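In: Coordinates only, no sequence provided:
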């Protein structure tokens, strides 16, 4: 296992021209020179998942070590299945269900604390998760209101939004809707959507920005613009890391460091420009006029060649570890010496003792603060080591070192052994006594406070803020967004309203001005009301299923980002839906009730409307619960159809209910709604019985099969009780489904 400090700040051997370049030397400076960025290093990462067929562990990552530094863009490349996205998820501290991860991630030399890490790191996933009905400004403002500290003045939050739009060149489209072609909403371009996704993460001014396939699905010119944006963000001091599929040569000029992976192993970790030299040293020289990334990927797609390169890289890393051990023991400057025709260099640091490793074989970083010497004085910080760069005129290496173009040089004059004109550079290693250390437990010491202090929202001085937004504020922000979504999508809103108005006219025309002669009067009223119940069961639930599966990915993404909680989402959803439910029920009642000729009573009309609204509310909840329990729209639709069939079949009107199915009728809210509406209509109505020539009170002709054996008021109480249980059940199901990873 190689600690990045054992193998230079890159964990690799960069060529002389790379280490001597201003950009590379600048990147090796201490993080005090970078206003925002932090140094992220990962050691011995292993990720496994159980094989679905055999149950045996399948390795996604194998012993991966590397580093990403501030003010630089690091790019993860590799063929499909190489482990790029898995590594990025591990670094982002994303919850990867079913995957076991071992190893260590350090931030500025301290073990990463997942809680404080989320304050300084943002993750942009491959697919844009945006609200189509929002404008660019509204999307960024919503993110700012939910991400930034509540105590921060509103004016500063809006100023931050404006700053991000200017930074990402989104000002010209700030008031344009994001849009969605599938939903029929015209909006901004794909490249602009990608920058909006980046902007949503940038509103909190993260120190680390991780992006998964940020150029996926974009044309070459738009992809280049995204790469330029990434470079600009890094040059402001951020640590930027992204996975890419196959960057063009123009895009390659925007990047600083490269991590090549194949089969879950690291094949190369180091400066972008040094990768070609590494491949050439190992027999895979890049042809002239060929894009290097294309060449790398063509090699890595061949498993035997990829394994050979991964083994070669491991040998380089192990040799550097041995060189570092010699340097720590002898105290002399050391440096790698390349074989004929090659150049290499490394910044080397001391290696921890073998007995100071964790259970995964990963070396532990020395704790902050040196131990006292024999005389009681503090132990000095790690000695500076000379980085010796030897030009192509150097002597050939020997044994294993020579195999990979390396040779140990020791002693004061070691750096001069490369021949006349051999350049040399001296770089200072980080002082461990100031690094904050990193013990066994993550986030020990003052690192939590330090990380939170870095969330300064662009301020020059760190300010520790409680970033939690109050529950009521989350509800207000989300309610505004929900309401705006309905208003901005009139087609969806009108189609919802149209269904109720259409069925009201249709049912009303079929049963216009109901008669009073038995038995037809009873049959017509019963049929009319059962059709109403079926409509109020299908329409709200199917609409909910369809809408949920359009919004679930955005909800899942925002919950993982901890923008708000499920309770806030639930409350805001119903702040908007309940008024809509009342309006739709009232529209249906106004048209249908009088068209059909139901009992002309104000109290009967409002009871009719209220029962419709409650039934609609329960049906909407049924659709939500079924949606939460199914990861696909098709599965939810099938389950919903079967459920509604059972709910509407056993209330006693459509079929004679067998004894063994009567319990289903007792559990169905449709049974109680139907019984209430039938009694509400027939109570106080006098019907004519032609067989006897007598006038019969309506409540006396209700068949026992359509009654629940409960009083009118008790039926209402049971229905409202079921509505309350459904309200609670929806919330519990949302929490459970999210915990189980269904969404």
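Out: All right, it came through fine. Please read all numbers here as calculations on a predicted model, not as lab measurements.

In: List the residues that contact residue 617.
Out: 540, 578, 581, 723, 726-727 (C-beta atoms under 8 Å, 6 or more residues apart in numbering). Backbone N, C-alpha and C define where each C-beta goes, glycine included.

In: mind redoing it with 7 Å?
Out: 581, 723 (C-beta atoms under 7 Å, 6 or more residues apart in numbering).

In: so how far is residue 736 from it?
Out: According to C-beta to C-beta, to the nearest Å, residue 617 and residue 736 sit 21 Å apart.

In: Any buried residues in stretch 636-654, and which?
Out: By 16 or more other C-beta atoms under 10 Å, the buried positions in stretch 636-654 come out as 636-637, 639-640, 643-644, 647-653.

In: Can you give the contact residues for it?
Out: By C-beta under 7 Å, 6+ apart, the residues outside stretch 636-654 that reach it are 526, 530, 533-534, 537-538, 541-542, 545, 549, 622-623, 626-627, 630, 655, 657, 661, 664-665, 668, 670-671, 674, 705-706.

In: where's residue 611 relative to residue 680, distance?
Out: In this view, residue 611 and residue 680 are 7 Å apart by C-beta to C-beta.

In: thinking residue 92 is in contact with residue 121, fair?
Out: Yes. Assessed by C-beta atoms under 7 Å, residue 92 is found in contact with residue 121 at 6.4 Å.

In: Can you pick out the residue with more neighbours from the two?
Out: When residue 92 and residue 121 are compared for neighbours, residue 121 comes out ahead with 25 against 22, by other C-beta atoms under 10 Å.

In: Show me what the more buried one is bridged to.
Out: When bridges are called by DSSP bridges, residue 121 pairs up with residue 208.

In: Helices along the stretch 401-550 of the chain, start to end?
Out: Along the stretch 401-550 of the chain, counting by DSSP state H, counting those that start in this stretch, helices occupy 447-454, 471-488, 490-510, 520-560.

In: er, the stretch 51-200 of the chain actually
Out: Under DSSP H, counting those that start in this stretch, the stretch 51-200 of the chain gives helices at 84-92, 114-120, 136-147, 154-167, 190-202.

In: which one of those lies closest to residue 694?
Out: Residue 694 lies closest to helix 136-147 among the helices of the stretch 51-200 of the chain, at 66.9 Å (C-beta to C-beta).

In: So, low pLDDT: which residues of the stretch 201-350 of the chain?
Out: 317, 319-350 (pLDDT under 70).

In: Skip the chain neighbours and tell me the closest residue to the residue nearest the centre of the chain.
Out: Central residue of the chain (C-alpha atoms, centre = their mean): residue 557, 4.1 Å from the mean position. Excluding its sequence neighbours, the residue lying closest to residue 557 (C-beta to C-beta, 6 or more residues apart in numbering) is residue 129, at 4.2 Å.

In: need the contact list for that neighbour.
Out: The contact partners of residue 129, taken as C-beta under 7 Å, 6+ apart, are 553-554, 557.

In: Out of the contacts of stretch 636-654, which end up buried?
Out: 526, 530, 533-534, 537-538, 541-542, 545, 549, 622-623, 626-627, 630, 657, 665, 668, 670-671, 674, 706.

In: Mind checking the helices of the stretch 401-550 of the chain for the one nearest to residue 694?
Out: helix 520-560 (14.0 Å).

In: now the angle between helix 84-92 and the closest one, please.
Out: Counting by axes from the mean of the first three to the mean of the last three C-alpha atoms, to 10 degrees, helix 520-560 lies at 80 degrees to helix 84-92.

In: quick one: helix 520-560 to helix 136-147, angle?
Out: Relative orientation of helix 520-560 and helix 136-147, computed by the same axes, to 10 degrees: 70 degrees.

In: What mean pLDDT does helix 520-560 get?
Out: What helix 520-560 shows for mean pLDDT is 90.

In: buried ones in the next helix or strand after that helix?
Out: Downstream of helix 520-560, the next assigned helix or strand under DSSP states H and E is helix 566-596. Judged by neighbour count using 16+ other C-beta under 10 Å, the buried positions of helix 566-596 are 568-577, 580-582, 584-586, 588-589, 591-593, 595-596.

In: so where's the stretch 51-200 of the chain uncertain?
Out: In the stretch 51-200 of the chain (pLDDT under 70), no residue qualifies.

In: Next secondary structure element downstream of the helix or strand containing residue 610?
Out: In this assignment (DSSP H and E), residue 610 forms part of helix 602-628. Once the chain leaves helix 602-628, the next helix or strand it forms, by DSSP H and E, is helix 633-649.
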